[in-house]
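# can you look at this prediction? I've put the sequence above it.
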Amino acid sequence: MKKDNITLIGMPAAGKTYLGKKIADELKMRWVNLDIVNYRDILKNGNENDYLKLEEKVLLNTRGKNNVFSCGGSSIYSNNGMNHLKEISQIIYLRLPFIIIKKRLGNYGSRGIVKSRNMNIKEIYKERIPLYEKYADYIVNCKIDSTDEQFKKLCKVITSVILPIFSPTIAN
């Protein structure tokens, strides 16, 4: 199957939504937010597993071509969902140092982050890194807190590696 989509994964506050929209505009692709399930609303009537099941359903129902998908940070907990995205897209992990994620998140408790066993943000970060790396086709490694830097690095990966394997209609 041809992979003619781009999927962005990474920690909450890594820039998946902002950069996804910006890249989609730049490449004349469609931006699709896959982080559409409201975590806090689910927890009012259910539990974390209910949220993860809904998130997996969203991932498994993702279709189309010429899209930039921005995933929720916890998408990587769904092996089936991530394998489906790997079949239809090139997956880019937006990796940032913990200190930047922590700074951007601020009071992460109000954000609604899926976590295992009441973990703190550092523990969540450490748990997720191997999963993001497992599913990533490419890693954009940013060392400073600058979305402009992230955008430049993301563009470089996309134009030098990903666009050449896409159809010519996307590359113009």
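Sure, I can see it. Numbers count the residues shown, from 1 in each chain.
# show me what the host helix or strand of Asp50 packs onto, helices and strands only.
Counting by DSSP states H and E, the element that carries Asp50 is helix 48-60. Other helices and strands packing on helix 48-60, by 3 or more CB pairs under 8 Å, 6 or more residues apart in numbering; DSSP states H and E, are helix 39-45, helix 79-88. C-betas here are computed from N, CA, C, even on glycine.
# what's the least confident stretch among those?
Among the helices and strands packed on helix 48-60, helix 39-45 has the lowest mean pLDDT, at a mean of 61.
# list the buried ones in stretch 24-35?
Neighbour-count burial for stretch 24-35, counted by 16 or more other CB atoms under 10 Å, picks out 24, 27, 29, 31-32, 34-35.
# from what I can see Ser74 touches Val114, true?
Yes: contact status for Ser74 versus Val114: in contact at 3.8 Å, counting by CB atoms under 8 Å.
# now for those two: what residues contact both?
By CB atoms under 8 Å, 6 or more residues apart in numbering, Ser74 and Val114 have these common neighbours: 51-52.
# neighbour count: these two, which is higher?
Ser74 (24 against 20; other CB atoms under 10 Å).
# how close does that one sit to Ile91?
15 Å (CB to CB, to the nearest Å).
# returning to what we had before: check which element follows the helix holding Asp50 along the chain.
strand 67-70.
# could you pull out the strands for this protein?
Ranges of strands within the chain are 6-9, 30-33, 67-70, 90-95, 138-141, based on DSSP state E.
# ranking these by burial, who's on top?
Counting by mean count of other CB atoms under 10 Å, strand 6-9 has the highest mean neighbour count of those, with a mean of 28.
# great, nothing more from me.
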